[in-house]
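Trainee: Sequence plus predicted model, see below.
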Amino acid sequence: MKILVVDDERLLVKGIKFNLENEGYQVETAFNGLAAVELARNGQFDLIILDLMMPELDGLEACLRIREFSNVPIIMLTARGEDRDKIIGFECGADDYVTKPFNILELKARVRALLRRSGAGDAARGGVITAGRLGLDPKQRVALRDGAAVDLTAKEYDLFELLVRNPNRVYSRENLMNVVWGYSYSGDYRTVDVHIRRLREKLEEDPASPVHILTKWGVGYYFKG
């Protein structure tokens, strides 16, 4: 799936792009409303994340122009939190609204939900993903072992899905913390170790000698199918 991220805060755009790409999305970026409209007109995007306050053309006007030729789902980002501004955004054609500052996990959840409602998410994410004795059902957010559902917490599932969707890619604990918990999370990296241990206990036949959820010593963790 292709997502367009538009905001004049370049550091914020970089962070959103990094996190969405780690979820498996293809991400393009722009930094003003005019560029957003042109990219939306010429590209086939499954979703657009659009800031409200931008130079050259603000998010509301950009959203109105995009709606002239596309029904692509649009999430509006704004530092404003008043209900009036949200109503105006919805009337201009926005599908969802996220107020800054936000947790990146909330934004990712809204992206998934909006893609799911639009039908794009289901088509791209496909059905059950299997890897040896393990697997996951993205639509139901369920982990599987030998075809049977395994009870995971929300964070355990997010961590497991990230690893399964990117087999053999080694993630440092810092990387996993940023992607799964978000940059604003104040916990330490041992949180990652605890969740990895729990995943092994729930999914591996022998947690002490895992064959799927593996450690790259001195680097981080990865999934082997």
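Mentor: Okay, I see it. Residues are numbered from 1 along each chain as shown.
Trainee: make it CA atoms for all contacts and neighbour counts henceforth
Mentor: Fine.
Trainee: the strands in the chain, which residues?
Mentor: 2-6, 26-30, 47-51, 74-78, 96-99, 129-131, 134-137, 142-145, 148-150, 213-216, 220-223 (DSSP state E).
Trainee: mind listing the helices in this structure by residue range?
Mentor: 10-22, 33-42, 59-67, 83-91, 104-118, 120-125, 154-165, 173-176, 190-203 (DSSP state H).
Trainee: Closest to the centroid, which residue in the protein?
Mentor: Computing the C-alpha centroid of the chain and ranking residues by C-alpha atoms, centre = their mean puts Lys108 first, at 3.6 Å.
Trainee: these two touch, right, that residue and Asn22?
Mentor: No - here Lys108 lies out of contact with Asn22, judged by C-alpha atoms under 8 Å, at a distance of 10.8 Å.
Trainee: So this protein: which segments form each domain?
Mentor: 2-123, 127-223 (automatic domain parsing).
Trainee: pLDDT weak spots in the protein?
Mentor: 80-83, 118-126, 182-187 (pLDDT under 70).
Trainee: Now do the contacts for the closest residue to Leu159 other than its chain neighbours.
Mentor: Closest residue to Leu159 apart from its sequence neighbours, by C-alpha to C-alpha, 6 or more residues apart in numbering: Val180 at 6.2 Å. Going by C-alpha atoms under 8 Å, 6 or more residues apart in numbering, Val180 touches 105, 155, 158-159.
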